[in-house]
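Trainee: From the sequence below, what's the structure:
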Amino acid sequence: MTLIESRRPPRRTIRPPLRRPAAASCSAGSHGSVTLTFAENAPPKPKQWVTIKTLSGASSTKSDEFTIPEGATARLVYDMPQDGNNAITLYQAPDEYVDLLLNEIGPQSGSTRVYQSGTYYLDVMGAYTINVQVFKRPTA
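Mentor: Next up is the predicted model:
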């Protein structure tokens with residue numbers, strides 16, 4: 001009779017990589033005990049559209065200036081509830097024409113993108129509320 005020896009590969013324990021804690025504290029207790037407390041970094045919040053400026057007015061007006069940061073993805077979200085002619089013209093400060101963003105009859109709502117960074121203002125015909133938004137991680 002022959003004895004066959006079975007060989008198993010050695011057992012391996014796979015551990016996830018260690019993450020460094022964001023903060024650690026140590027306190028001494030009674031009877032020489034020590035308590036360690038670790039807190040991990042929270043994962044970053046996902047990017048979302050964040051309003052950086054809200055513009056509103058009535059009739060034919062020029063808006064306040066607003067700035068699109070360098071490298072930002074930006075849009076204007078508009079609501080124009082009046083039945084008349086509604087128009088939005090984009091200018092780069094101080095007075096450089098950029099684009100006619102909207103020129104329609106009747107109530108309008110929607111959004112349009114702004115593709116370049118810089119300081120802008122709007123010349124608007126009709127009552128309006130416009131939110132200038134950038135796509136980024138919220139700060140709070």
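
Trainee: so where's the chain uncertain?
Mentor: 1-39, 140 (pLDDT under 70).

Trainee: ok, which stretches of it are strands?
Mentor: Using DSSP state E, the strands of the chain run over 23-28, 34-39, 48-57, 60-62, 66-68, 74-80, 85-92, 96-105, 108-114, 118-125, 128-136.

Trainee: Would you mind giving those as a markdown table with mean neighbour count added?
Mentor: In this view, the C-beta of every residue, glycine as well, is placed from N, C-alpha and C. Formatted as a markdown table, these follow (neighbours: other CB atoms under 10 Å):
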| stretch | mean neighbour count |
| --- | --- |
| strand 23-28 | 9 |
| strand 34-39 | 10 |
| strand 48-57 | 14 |
| strand 60-62 | 13 |
| strand 66-68 | 19 |
| strand 74-80 | 20 |
| strand 85-92 | 18 |
| strand 96-105 | 14 |
| strand 108-114 | 14 |
| strand 118-125 | 18 |
| strand 128-136 | 19 |
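
Trainee: what are the bridge partners for the nearest residue to residue 124 once chain neighbours are set aside, then?
Mentor: In space, and not counting its chain neighbours, residue 124 is closest to residue 88: 5.4 Å by CB to CB, 6 or more residues apart in numbering. With DSSP bridges as the criterion, residue 88 is bridged to residue 102, residue 124.

Trainee: Now for the residue nearest to residue 84 when sequence neighbours are not counted, how many residues are close by?
Mentor: Distances taken as CB to CB, 6+ apart put residue 126 closest to residue 84, at 6.0 Å, once the chain neighbours are dropped. Burial of residue 126, expressed as a neighbour count using other CB atoms under 10 Å, amounts to 25.

Trainee: No further queries at this time; thank you.
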